[in-house]
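1. below is the sequence, then the predicted model.
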Amino acid sequence: MTTPTWTNPIIKWIDYRLPIFTFTQHHLVEYPTPKNLNYWWNFGSLAGVVLVIMIATGIFLSMSYTPHVDYAFDSVERIMRDVNYGWLLRYLHMNGGSMFFIAVYIHVFRGLYYGSYKAPREILWIIGVIILFAMMATAFTGYVLPWGQMSFWAATVITNMFTAVPLVGEAIVNWLWGGFAVGNPTLNRFFSFHYLLPFIIFALVFVHLWALHVHKSNNPVGVDMKGPQDTIPFHPYYTIKDAYGMGVLMLVYLAFVFFAPNFFLEPDNYIEANPLQTPPHIVPEWYLMPFYAILRAFTQEFLWIPAKVLGVIAMFASVGILALLPWLDTSKVRSARFRPIYKQVFWLFFVDCLVLGYVGANPPEGYLILLGQVATAYYFLHFLVVMPVLGIMEKTRPVPDSISAAVTPGGTSGKEDT
Amino acid sequence: MRTSILGATVALALVTGSATASEGPKLAAQNWSFGGIFGTFDRATLRRGVQVYNEVCASCHSLKLVAYRNLGDVGYGAEEVKAIAAEFEVTDGPNDDGDMFTRPALPADRFAAPFENDKAARAANNGALPPDLSVITKARKGGSDYIYALLSRYAEDPPADFELSDGMYYNEVFPGHQIAMSPPLGEDAVEYADGTKATTAQMSKDVTTFLVWAAEPEMEERKRLGIIVMIFLTALTAMLYALKRMIWSDLH
Ligand code: HEM
């Protein structure tokens, strides 16, 4: 990449002192990108767009929201009734949370399918896992803010998990609550965290992109870019493709906002929090259901460790284990296109996650308990056994020499299953 | 492989859907004027709903998020709103002597609460608390269909093997079937100003429409804006797609 020479004197003056124009030129305009990216590569930028929308709507919501147990519920309703376009702000924010997770989950499964986590992108991937943790914490604290029944009881259930910590569990929970039950101090600090975390996510996204731009994007074939014949400049090719993807995302997102704004929400959250009345079944938002199922899958103590502790460990481990995937997957081949068995295993894992989501959404009764346990076992088996063993045993298909060899007619790879 | 996975996913979604639907008794989907993306509140229905609410429900339930002035948004004139508000008393104060006093409600007041506090409400209702109805249609699975069924599907005689506690009523859709609210809408509970026959079904439908409006007063504006936005976005996305095709056509 050459350093561009600027002719406009003002741009030249600025760029000499702070090279933002050169930076933009290198990272958004000329930036060499594999020419064969499919639409699954749109979801990273889409998640970024949603993050910005979340921060923007969140800042405006905060101007009218009151983080107090006596006023929070009504203040959210007053935002919807008495603030100009307050209903739009709130519904954008509420449904934006779901869109954010949809985009990010697709983004992660894309990475799983095409082996994007493999060398040299391990750190890029691990930063992604940290972002996922931070998103979950943000969404959970946000869910508590409207102070409905689900807000209150989800906060109670989740914070109670920390009593699982040996010896100091009780003390930690009282410290988290700022009292002896979920109450006003809890709501205040959750609001504080909810305001803070998105900016931390924003910073993490920058580091994520920094790492990305070192070795650049993976691609559906999973072989490195070997030269200019394999790449196209980011602008205009991917700027326009991302813009089009954004249009499609907005169509889906805004359809919910305008026509079914409460689709993702539990009706119980429109009942003001009542510490004296436990709802019949307490559920987190849909995007946390699989993890909730894993938390509840442990019903018996093991080696004197109480079931509850095991559940909590498993729940955190279920996300954390993703960070180890670059080493658990022993295959030399990145893309599932050339891994006939992994391709099947990937979809099996995907279905396993759906099953966990289903179990998490329903009361733990009857066959669902066993189903949840089997699905949880398989979840970990996938990472701890299937991935390491498969990488060694699997007979992969021949990998093309380069991206251009794969995408030009006569190349080694077929076009199927993109 | 992929098709079979998609098949399995769809099957799972269907199972999930039917599993959730099978909880509780079936609610018949009513034909609501505000249903669908073009739906608006039928003004005549809404007016009758306001009447039912004020004459029946308001004696037990509060509606603390809605002000009388909000009725102006759905076709009530300023004088009409004033007259409706004036039928209710609200507590105000303290006055210059430091005392609370009651006065007729003004358009700026929230719908008057029938009881001083929850304790008083319970005391008057056999220990049960009539919930605030401001967002009730958003707060129940089934929304308007549930509220409609709740109001219109009381049974005089519970099934033979059902043990009904004292002062409770049998309702077909209320969870557990025992509700502390006596059937509020007997035939001709109100005399409609517009001459419509006040059957239980009619009143239930009218007051439910009012409650949906109370819970989502922004609904008409939301849908109207939504349609404009969707048309604009569809055009924009189509153009972006065409542009994408054009820009990419020089590759390959
Ligand atoms: C990472 C991005 C974010 C996510 C995933 C997120 C998620 C959520 C969720 C799920 C809710 C509950 C929605 C509801 O039931 O009403 C919520 C509420 C809220 N959020 Fe966020 N949020 C994000 C960023 C922000 C930011 C940056 C701010 C402030 C600067 C903010 C301020 C608020 C406020 C004031 C509420 C309460 C009002 C309400 O409940 O609608 N959020 N958030």
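-> Okay, I see it.
2. please make it C-alpha for all contacts and neighbour counts, starting now.
-> OK.
3. and the strands in the stretch 1-150 of chain B, which stretches?
-> In the stretch 1-150 of chain B, strands defined by DSSP state E, counting those that start in this stretch lie at B:63-67, B:89-92, B:101-104, B:110-111, listed in chain order.
4. again, but for chain A
-> A:32-34, A:231-233 (DSSP state E).
5. quick one: strands adjacent to the last one?
-> Each strand paired with strand A:231-233, and its direction, by DSSP bridges: strand A:32-34 (antiparallel).
6. how far off centre is stretch A:342-349?
-> 20 Å (CA atoms, centre = their mean, to the nearest Å).
7. same check, this time on stretch A:248-262
-> Using CA atoms, centre = their mean, the offset of stretch A:248-262 from its chain centre is 19 Å.
8. buried set for that stretch?
-> Within stretch A:248-262, the residues that count as buried by 16 or more other CA atoms under 10 Å in any protein chain shown are A:248-251, A:253-259, A:261.
9. interface residues of the stretch 51-200 of chain B facing chain A?
-> Within the stretch 51-200 of chain B, the positions near chain A by CA under 8 Å from any CA of the partner chain are B:65, B:135-136, B:138-141.
10. now with 10 Å, please.
-> B:64-66, B:70, B:131-132, B:134-143 (CA under 10 Å from any CA of the partner chain).
11. going through the residues you listed, which ones are buried?
-> B:64-66, B:70, B:134-140, B:142-143.
12. A:Val351: which of these is nearest?
-> B:Gly142 (28.7 Å; CA to CA).
13. show me where pLDDT drops low in the chain?
-> In the absence of a named chain, this looks at chain A. Residue ranges of chain A with pLDDT under 70: A:1-2, A:408-418.
14. correction: the question concerned chain B.
-> The low-confidence ranges in chain B, as defined by pLDDT under 70, are B:1-24, B:252.
15. packing partners of the longest helix along it?
-> Secondary structure of chain B per DSSP state H: the longest helix is helix B:219-248. Other elements packing on helix B:219-248 under the criterion 3 or more CA pairs under 10 Å, 6 or more residues apart in numbering or on different chains; DSSP states H and E are helix A:86-114, helix A:234-259, helix B:200-215.
16. ok now that helix, how far from the chain's centre?
-> Counting by CA atoms, centre = their mean, helix B:219-248 comes out at 31 Å from the chain centroid.
17. relative orientation of that helix and helix A:86-114 in degrees?
-> 40 degrees (axes from the mean of the first three to the mean of the last three CA atoms, to 10 degrees).
18. quick check: residues of the stretch 51-200 of chain A near chain B?
-> A:74, A:77-78, A:80-81, A:85-88, A:148.
19. any of the residues you listed buried? List them.
-> Looks like these have A:74, A:77-78, A:80-81, A:86-88, A:148 buried, using 16+ other CA under 10 Å.
20. closest one to A:Pro284 out of these, please.
-> Taking these together and measuring to A:Pro284 by CA to CA, the closest member is A:Gly148, at 12.4 Å.
21. now do the contacts for the closest one.
-> By CA atoms under 10 Å, 6 or more residues apart in numbering or on different chains, the contact set of A:Gly148 is A:69, A:72-74, A:154, A:266-274, B:139.
22. if it is in a bridge, with which residues?
-> Applying DSSP bridges to A:Gly148, the residues it is bridged with are A:Glu272.
23. hey, where'd the helices end up in the stretch 251-400 of chain A?
-> With DSSP state H, counting those that start in this stretch as the criterion, the stretch 251-400 of chain A has helices at A:289-296, A:307-320, A:325-328, A:340-361, A:367-381, A:387-393.
24. winner for burial among the ones you listed?
-> helix A:289-296 (a mean of 25; mean count of other CA atoms under 10 Å in any protein chain shown).
25. just list what it packs against, helices and strands only.
-> Short answer (3+ CA pairs under 10 Å, 6+ apart): helix A:289-296 packs on helix A:307-320, helix A:340-361, helix A:367-381.
26. the inter-axis angle of it versus helix A:367-381?
-> Going by the same axes, to 10 degrees, helix A:289-296 makes 100 degrees with helix A:367-381.
27. buried stuff in stretch A:127-137?
-> A:127-135, A:137.
28. how about these in TSV, adding distance to B:Ser59?
-> Formatted as TSV, the buried residues of stretch A:127-137 follow (distance: CA to CA, whole Å):
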residue	distance to B:Ser59
A:Ile127	58
A:Gly128	56
A:Val129	55
A:Ile130	54
A:Ile131	52
A:Leu132	50
A:Phe133	49
A:Ala134	48
A:Met135	46
A:Ala137	44
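29. quick one, domains of chain B?
-> For chain B, automatic domain parsing gives the domain ranges B:1-66+B:110-217, B:218-252.
30. distance from stretch B:168-179 to the middle of the chain?
-> 19 Å.
31. buried ones in it, by neighbour count?
-> B:169-174, B:177-179.
32. ends of it, how far apart?
-> For stretch B:168-179, the first-to-last residue distance is 6 Å (CA to CA, to the nearest Å).
33. who's in contact with that stretch?
-> Against stretch B:168-179 from outside (CA under 10 Å, 6+ apart): B:23-27, B:126, B:128, B:146-159, B:162-165, B:167, B:180-183.
34. can you flag the buried ones in the residues you listed?
-> Buried among these by 16+ other CA under 10 Å: B:27, B:128, B:146-154, B:158, B:180-181, B:183.
35. widest-spaced pair of those residues?
-> Among the buried ones among the contacts of stretch B:168-179, B:Leu27 and B:Ala128 lie farthest apart (CA to CA), at 24.7 Å.
36. most packed of the strands of the stretch 1-150 of chain B?
-> strand B:110-111 (a mean of 22).
37. what's in contact with that one?
-> B:54, B:58, B:61-70, B:85, B:88-90, B:105, B:134.
38. how far is that strand from where the chain is centred?
-> 16 Å.
39. and if you look at stretch A:48-64?
-> With CA atoms, centre = their mean, you get 17 Å for stretch A:48-64.
40. keeping just the C-alphas, turn that stretch into CSV.
-> Provided in CSV are the C-alpha atoms of stretch A:48-64 (Å, rounded to 0.1, in the frame of the first residue of the first chain):
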residue,chain,number,x,y,z
GLY,A,48,-21.5,-2.4,14.5
VAL,A,49,-24.4,-0.4,13.1
VAL,A,50,-26.8,-1.8,15.7
LEU,A,51,-24.3,-1.0,18.5
VAL,A,52,-24.2,2.7,17.4
ILE,A,53,-28.0,2.7,17.3
MET,A,54,-28.1,1.2,20.8
ILE,A,55,-25.8,3.9,22.2
ALA,A,56,-27.6,6.7,20.5
THR,A,57,-31.1,5.6,21.6
GLY,A,58,-29.8,4.7,25.0
ILE,A,59,-28.4,8.1,25.7
PHE,A,60,-31.7,9.8,24.8
LEU,A,61,-33.7,7.3,26.9
SER,A,62,-31.4,8.0,29.9
MET,A,63,-32.4,11.7,29.7
SER,A,64,-36.0,10.7,30.7
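41. what's the burial count for A:Ala405?
-> 15 (other CA atoms under 10 Å in any protein chain shown).
42. and for B:Ala198?
-> 20.
43. so which residues on the stretch 251-400 of chain A come close to chain B?
-> So far as CA under 10 Å from any CA goes, the stretch 251-400 of chain A lies against chain B at A:251-252, A:254-262, A:265-272, A:343-344, A:347-348, A:350-351, A:354-355, A:358-359, A:361-362.
44. ok so, going back, closest one to the ligand among the strands of chain A?
-> For the strands of chain A, the distance to the ligand is smallest for strand A:32-34, at 27.4 Å, taking CA to the nearest ligand atom.
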